[in-house]
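Q: Pasting the sequence and the predicted coordinates here, then a few questions.
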Amino acid sequence: MKTLLEMITAEMQDAFRKAGYEEELAKVTLSNRPDLCEYQCNGAMAGAKKYKKAPFMIAEDVAGYLKDSRCFETVDVVKPGFINLKLSPVFAAEYLNEMAGADRLGVEEVKNPKTIIIDYGGPNVAKPLHVGHLRSAIIGESVKRIARFKGNKVIGDIHLGDWGYQMGLIITELRKRSPELVYFDDSYEGEYPEEAPFTIGELEEIYPTASAYAKEHEDYREEALHATYLLQNGHRGYRAIWNHIMHVSVEDLKKNYRKLNVEFDLWKGEADAQKYIPDMVQMLKDKGYARYDEGALVVDVQEETDNKEVPPCMILKSDGAALYDTTDLATLVQREEDYHPDEVIYVVDKRQELHFIQVFRCAKKTGIVPRDTELKFLGFGTMNGKDGKPFKTREGGVMRLENLIREIDEEMYRKIMDNRTVEEEEAKRTAETVGLAAIKYGDLSNQASKDYIFDVDRFTSFEGNTGPYILYTIVRIKSILNKYRENGGAPEGLHVLPAEDQYEKALMLQTLRFNDVMETVYEETAPHKICAYIYELANEFNKFYHETKILAEEDETKKSGYIALLSLTKRVLETCIDLLGFEAPERM
RNA sequence: GCGUCUGUAGCUCAGUGGAUAGAGCGAUGCCCUCCGGAGGCAUGUGCGGCGGUUCGACUCCGCUCAGACGCUCCA
């Protein structure tokens, strides 16, 4: 179904046309003066110059043709030339009922569904997830759900960092500690053990140790680099270790992402792109895109319109090794072969923007992806602590994701136990549900591209613009609907009735906005606008709730209208939080 | 040095070229306290600065100040 703005804009266009003005002026927006009206059109002012006519006159002409519209209760022309609109309560109720009966609450799918790949600029294997990985997971998951909701085919690829120097480091450190392992015996020709010679815990300790050691010891570093080289060139034993590392790491990663309610369709990584590199490099050379610069193979991506220098895209180092430019390009080759995506969205730290500009340009220029493939960079800002500096543990180290989640869950658990007496088991589960909402909402309610301050106290609060507040509102509605059911009522199939007071109308108007909000959210890839919307919606509900006796209403018809409105509000809220990537408990 | 991004209330953040720039937290004082005491009202402070475009600018453009970040062989 059409969004509300589309419907009333159509009415407005009709009126502009009938009054002899061009339709383009007939843009209707949400009012910024709720005391005066609900929706407004400012087109008369914009048209004043063109028609050499006072805006007020134009507005009056147009308003004359709106008097009979079924959409509006009032149409006022004000001061310079504003056309102020109030929605007809009957029309609003009709719209809401239509929403309630439609698929996806009336949100239309896109006309031409796209195949979209989301690249989460993945974590490195063998390193624990830390807070830096939180944002790409949370934002990517939400963007994925939003795009799917609009009818696109979306493929999420974690895109692991599984092929670089860190692998060489781990192998080297492992060799130093246990040189007797068969992987290091070059004469060994048998099968390698199925069991990995380390646990995830050990792995997580090995990497930082090796990394630190290599910085201090040049020969060790050389060895690690050589091990990396051997691995990448098919050393049997190293390849076996690599398989172990992957297996152990991925299992652990899956466990952690499951806790975040984040899912990937693909667990590809840099290693998967390797086999595409040689042909790609050859192509770049053959077609004359690549040139040698100080021994390195590069592709120029500078464009005439640039007002700054854009360094060339580096394909091979002077020693012949591939780099991350190379891998990202080869990954695009692979994706083109496997999925032929219409769009690839990279949800990565915004500091990588220049790198992706280079890769995108190179991919387009050299035909690795077709011209009309959209390559989007969705850069997110840094998650800072309360001091405004990058988030750290109290000791100043990198905060592990598990610990952060545990901290939040414990805080939620305390609050839930304080509040009311629930079984410990339920409180624990609820704490996890609410805790996740607190984290995700805290992150997503900020614009993705900006740095933000992660404030545990604020995010876990049940008051204000927080996840828990939204969940509380949903739980409250659920509770009312359950009571209604217990008293023999059936919330299903009821109809919303025209609003009779301002609180009911306000709640209806806010609920109505859902489709328009989703339009904007999708077009702008802006999950934070969902947050802003449901916060307002929750507020409107709570005001309505406070002013209205719902279950105690004696007029059964009226009561059924309230229940229908609450059911719909609940569905809108639940749909929205699902798009944000979390859910509401039954009680809290 | 060059470039990108950010700058809105004491703090954390919204804000679609339009009318009187909004929330939350914190502060002060009230009200409600009933289907879940996570509710409502009132008071106070603000668009970094200077110009320009426009009938109209937090929003677009230029300059300037401040902060963050990035600038070929690590990702």
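A: Thanks, I have the structure now.
Q: buried ones in the host helix or strand of residue A:411?
A: Assessed by DSSP states H and E, residue A:411 sits inside helix A:401-419. The neighbour-count check on helix A:401-419 (16 or more other CB atoms under 10 Å) flags A:401, A:404-405, A:408-409, A:411-413, A:415-416 as buried. The way it works is simple: take the backbone N, C-alpha and C, and place the C-beta from them, glycine included.
Q: where does it sit relative to the chain's centre, distance-wise?
A: On the basis of CA atoms, centre = their mean, to the nearest Å, helix A:401-419 sits 24 Å off its chain's mean C-alpha point.
Q: what is the orientation angle of the following helix or strand past it with helix A:401-419?
A: Later in the chain than helix A:401-419, the nearest helix or strand by DSSP H and E is helix A:424-444. Between helix A:424-444 and helix A:401-419, the angle comes out at 120 degrees (axes from the mean of the first three to the mean of the last three CA atoms, to 10 degrees).
Q: packing partners for helix A:424-444?
A: helix A:132-149, helix A:401-419, helix A:456-459, helix A:467-486, helix A:527-547, helix A:556-580 (3 or more CB pairs under 8 Å, 6 or more residues apart in numbering; DSSP states H and E).
Q: taking those together, which one is wrapped up most tightly?
A: helix A:132-149 (a mean of 23; mean count of other CB atoms under 10 Å).
Q: quick one on the thing from earlier: can I get the helices and strands packed on helix A:424-444 in CSV with mean pLDDT and distance to residue A:254?
A: Formatted as CSV, the helices and strands packed on helix A:424-444 follow (pLDDT from 0 to 100; distance: least, CB to CB, whole Å):
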stretch, mean pLDDT, distance to residue A:254
helix A:132-149, 95, 12
helix A:401-419, 88, 13
helix A:456-459, 90, 25
helix A:467-486, 92, 24
helix A:527-547, 92, 24
helix A:556-580, 94, 21
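Q: Out of the ones you listed, the one nearest residue A:59 is which?
A: helix A:527-547 (28.5 Å; CB to CB).
Q: what comes into contact with that closest one?
A: A:139, A:142-143, A:146, A:441, A:444-448, A:465, A:469-470, A:473, A:476-477, A:501, A:503-504, A:506-507, A:509-511, A:513-514, A:517, A:520-521, A:566, A:569, A:572-573, A:576-577, A:579-580 (CB atoms under 8 Å, 6 or more residues apart in numbering).
Q: repeat that with 6 Å
A: Here helix A:527-547 makes contact (CB atoms under 6 Å, 6 or more residues apart in numbering) with A:142, A:444-445, A:447, A:465, A:470, A:473, A:503, A:506-507, A:510, A:517, A:520-521, A:569, A:573, A:576, A:579-580.
Q: any low-confidence regions in the stretch 301-450 of chain A?
A: Applying pLDDT under 70 to the stretch 301-450 of chain A picks out residues A:419-421.
Q: What parts of it come near RNA strand B?
A: Taking CB under 7 Å from any atom of the strand, the part of the stretch 301-450 of chain A that reaches RNA strand B is made up of A:307-309, A:311-312, A:314, A:317-319, A:322-324, A:327, A:350-355, A:382, A:384, A:388, A:415, A:419-420, A:445-447, A:449-450.
Q: Make a ChimeraX selection of whichever of those turn out to be buried.
A: Burial among those is assessed by 16+ other CB under 10 Å; the matching ChimeraX selection reads:
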select /A:312,314,322,323,327,350,352,355,382,384,415,445,446
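Q: among the residues of the stretch 301-450 of chain A next to RNA strand B, which are in strands?
A: The members of these that map onto strands under DSSP state E are A:314, A:384.
Q: For stretch A:77-86, measure first residue to last.
A: Distance between the two ends of stretch A:77-86: 12 Å, counting by CA to CA, to the nearest Å.
Q: Need the three-state assignment for residue A:85.
A: Using DSSP: H, G, I helix; E, B strand; the rest coil, the structure places residue A:85 in strand.
Q: Which pLDDT value goes with the closest residue to it other than its chain neighbours?
A: Leaving aside its chain neighbours, residue A:85 sits nearest to residue A:39 (4.3 Å; criterion: CB to CB, 6 or more residues apart in numbering). The score at residue A:39 is 94. That number is its pLDDT.
Q: burial measure for residue A:39, as a count.
A: Counted with other CB atoms under 10 Å, residues neighbouring residue A:39 total 21.
Q: That one bridge partners, please.
A: As for beta bridges, residue A:39 partners with residue A:30, residue A:85 under DSSP bridges.
Q: correct me, but it touches residue A:84?
A: No - applying CB atoms under 6 Å as the test, residue A:39 and residue A:84 come out as separate, 8.0 Å apart.
Q: can you pull the pLDDT of the residue of chain A most remote from its centre?
A: In chain A, residue A:187 marks the outermost C-alpha relative to the chain mean, sitting 50.3 Å out by CA atoms, centre = their mean. Looking at residue A:187, its pLDDT reads 91.
Q: do the one 10 residues further on as well
A: Here the pLDDT value assigned to residue A:197 is 93.
Q: I'd like the distance between it and residue A:234.
A: 20 Å (CB to CB, to the nearest Å).
Q: ok, now residue A:280?
A: Residue A:280 sits 19 Å away from residue A:234, going by CB to CB.
Q: Equivalent analysis for residue A:81, please.
A: Counting by CB to CB - residue A:81 and residue A:234 are separated by 74 Å.
Q: what about those two, which has more around it?
A: residue A:81 (23 against 8).
Q: Next up, the contacts around the more buried one.
A: With contact set as CB under 6 Å, 6+ apart, residue A:81 has these partners: A:44-45, A:55-56, A:59.
Q: Farthest-apart pair in the residues you listed, please.
A: The distance between the two most remote of these (CB to CB) is 9.3 Å, for A:45 and A:56.
Q: what's the first-to-last distance across stretch A:443-460?
A: End to end - CA to CA - stretch A:443-460 spans 12 Å.
Q: and what of stretch A:286-302?
A: End-to-end span of stretch A:286-302 (CA to CA): 20 Å.
Q: repeat for stretch A:408-427
A: 14 Å.
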